[in-house]
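K.L.:
Here is my input, please return the structure:
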Amino acid sequence: MALPKIADARSLNDEELSEQILSTKKDLFQLRMQQGTRQLEKPHQFKHLKHRLAQLLTVERERQLKGE
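P.N.:
This is a model prediction of the structure:
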């Protein structure tokens, strides 16, 4: 599974961007819970989700700065 591209995040509108950020944070929480109970099967998902969250937050911040 390849890392997500930032162009995908930039193509989202503001509402979808907020939903994706919230969804990604929930997924990371679930992974941490699985890791804590030793049920995590794919530890590489942390890298992908953290990368995706960073992209989404970057796009959100770019739009905030552009709006100022």
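
K.L.:
burial measure for Thr24, as a count.
P.N.:
By other Cβ atoms under 10 Å, 20 other residues sit near Thr24. Quick note: C-beta positions are derived from backbone N, CA and C, even for glycine.

K.L.:
center of the chain - which residue?
P.N.:
Within the chain, the residue whose C-alpha comes closest to the C-alpha centroid is Leu53; the distance, by Cα atoms, centre = their mean, is 2.6 Å.

K.L.:
shaky segments in the chain?
P.N.:
Along the chain, segments meeting pLDDT under 70 span 1.

K.L.:
if we go to 90?
P.N.:
Filtered on pLDDT under 90, the chain yields the residue ranges 1-5, 40-44, 67-68.

K.L.:
Helices of that one, start to end?
P.N.:
6-10, 14-36, 44-67 (DSSP state H).

K.L.:
if we can go back for a sec, how close does the residue nearest to the residue nearest to the centre of the chain when sequence neighbours are not counted sit to Glu68?
P.N.:
Of all residues not flanking Leu53 in the chain, Thr24 sits nearest, at 4.7 Å (Cβ to Cβ, 6 or more residues apart in numbering). Applying Cβ to Cβ, to the nearest Å, the value for Thr24 to Glu68 is 25 Å.
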